[in-house]
Structure formats: C-alpha cells, structure tokens
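[1] below are the sequence and a predicted model; questions follow.
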Amino acid sequence: MILAGDIGGTKTVIGLFEQAGGRLQAVREETFPSKSYATLEAILDRFLGGGSRPALRSACFGVAGPVVEGKSKTTNLPWELDEPTLEKALQVPRAKLLNDLEAAAYGMLHLDPTDVCVLQPGLTRQGNIAVIAAGTGLGQAILYWDGARHHPIASEGGHADFAPHTDLEVNLLNYLRKEFGHVSCERLLSGPGLFNIYRFLRDSGDATEPEWLRQRIVQGDPSAVISQIGLAGEHPLCTRALDLFSSVYGAEAGNLALKTLAVGGVYVGGGIAPKILPRLQDGAFIHAFTDKGRLSDLMRSIEVKVALNPRAPLIGAAHFALRL
C-alpha cells in the first residue's frame, strides 16, 4: 500500500493507494479539518485506525509551505513535520515531504485527458514543464526533464515582484504599493488578489460601484462574488477585474515558462482557474502569455493546459511515493 497526503491550512486529504496494472488506484480517501488536530500524526492515526494497519511501502505528503532538508513548518498551521519522525510513526521504510506545488506539479503528469482543458495546443515534445496555480495564494513549480523522466522542483516564485507591462498595470502597481510596499505577483494572482484588482478599478473611477454590488461583496467571499458577476456580465467593474486578472495571469505564466524554458508545456492549476475557465478561454490569457517580444514565436509553440482535477496534489504525492 502507498500512503499519500495533501496537507493544507484548511483541510488535509489522506489517501491509500495500491498499484494495479502499472497504475495507482485509490483504495480509500478521507478529508480532515486541519485546525482540529494538533499534529499530522494525529490525523494519520485517525485515518489508519487503532487496530491492524495495512503494510505500507512508502508515504509522501504535499505540504503547504517550504520543505528544507526533509523538514517543514507549515505556513498556516502550528505543525512541524520531518521525514524520520513520520517514518517511525508510520513504520514505513521511506516517507517524503514535498512542497504542495511540487506534489501538484507531479500530479499533472498523471491526470487523465478529461482532467485538463487545452488553452493553447502548442507542440508535443519532451522538456521542462512549468506549473502555476492561483488560489488562496500563488504557487509555482517546475518539472525538470533529465532526458528520461521529470523531477518536481519547488519554487516561491509567487512572491517575486509583479512586473506591469501596460500603463493600466503600472497604475495598478502604484496603487498597491501605497498599501503593501512590496507588490508580489500573489498580491494580484490569488483570491485576495482579484479583490485587489477590483478595488483598484473601483477607486480609480473605472466604473461606479452600485449599492447592491457593495452589499454582495461585504456579505460574501469577495473574489467569488466578483467572479460570478463578472462571468455573467452583470456589472462592468467585475467584468473588467476578471479581464485584467486573466491578462496578468497569462503574462506571469509566460514569465515562468521563459525562466524555466518550459518547452514541455505549462499547466495552470489551483482553485481559481476552473472557476473562471470561460474567461481564460477568451484569448486575453494566451495573448499575454505569448506577448514576449522576440520570443513570441517560441511562446506560441508551448502547450498550455488548465488542470480541472482538484486531486492533483494527492495524485502527485501518491505517484512520488511509488517512485520511492
């Protein structure tokens, strides 16, 4: 049996997998509220039960936070994880911790064709793959191609500087600098980031915010409200916020592809992309992705896909455990 986990600040998903016919099949999965448990080991005890436990070949966990020398202090939980402690607790020969985007990136390699939506066909070729994922924050990861197989590499690229490339985006940068000082890509490309873009457009007089819209935003999840109204075309502030979000997202995905020479393709993951898929398909994302001057032809040759399966990090952790 293979044990895998996707560990986040809100929820932790644990799964048991077995190998069958060259593929991994899920045997059992369970989701736990992370903050209700003092440690990951407490969740694992609950999942595996107190009686006779299945014999485990290996275990791997994707963790929302940096992993250094087999150790991680989770970003939004008071948990400290390390591989030797997990190996002892699970009585397993090998346990591995990956950054959650490393796990998600590795999972992209094992998604079914129905789990992805192609934004740009590009060329089919072997090479590095880039993964960018906007959700609560902005994750970025790389799948390095060594000539035989891919290896996931973690990144904190979401916290790198936002680089505007239009006059409107320069104004957006200046607006956010007054509030945050340093403006990372995550300040725009995330759930809170979409609301930041909306506030900029509202406060710069792009359109007037009616009272009914203000109430909807105050009473709900701002990014979800903006997405729903923008996709439905019910108010220009929300529509333009989504347009600008999509363009900035495409530009940053293109930046990541250039930095990693991701000729093997780019995957757009995270929770936001599937929810705003029609807007990502309308051309603004790919226009910004390919608008790279002398390298625009190269960018047009790169396949770009949206990952629709939210289980990608768990799938990736399970397949990496199998590699162990």
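    That came through fine. Numbering: from 1, shown residues only.
[2] helix or strand for the residue nearest the centre of the chain, which one?
    Centroid check for the chain by CA atoms, centre = their mean gives residue 133 as the closest residue, at 2.9 Å. Element membership of residue 133 [criterion: DSSP states H and E] is strand 129-134.
[3] packing partners of that strand?
    Packing partners of strand 129-134 (3 or more CB pairs under 8 Å, 6 or more residues apart in numbering; DSSP states H and E): helix 100-108, strand 138-145, helix 236-260, strand 265-269, helix 272-275. For every residue, glycine as well, the C-beta is placed using N, CA and C.
[4] Provide the contact partners of the first one at residue level.
    By that I understand helix 100-108. For helix 100-108, contacts defined as CB atoms under 8 Å, 6 or more residues apart in numbering pick out 6-8, 60-65, 67, 98, 129, 131, 133, 139-143, 150, 152-155, 267, 269, 307, 309, 311-317, 319-320.
[5] now, of the residues you listed, which are buried?
    6-8, 60-65, 67, 98, 129, 131, 133, 139-143, 150, 152, 154-155, 267, 269, 307, 309, 311-317, 319-320 (16 or more other CB atoms under 10 Å).
[6] take those residues and keep only those in strands.
    Mapping the buried ones among the contacts of helix 100-108 onto strands (DSSP state E) picks out 6-7, 60-63, 98, 129, 131, 133, 139-143, 150, 152, 154, 267, 269, 307.
[7] quick check, residue 42 in a helix?
    Yes: counting by DSSP: H, G, I helix; E, B strand; the rest coil, residue 42 is found in a helix.
[8] can you pull the contacts of the spatially closest residue to residue 59 that is not a sequence neighbour?
    Nearest residue to residue 59, sequence neighbours excluded (CB to CB, 6 or more residues apart in numbering): residue 3, at 4.0 Å. Taking CB under 8 Å, 6+ apart as the criterion, residue 3 is in contact with 14, 15, 16, 17, 44, 56, 58, 59, 60, 90, 92, 321.
[9] name the SS class of the first one, please.
    Assigned with three-state DSSP, residue 14 falls in the strand class.
[10] could we number from 19 for the rest of this?
    Got it, first residue is 19 now, which makes that one residue 32.
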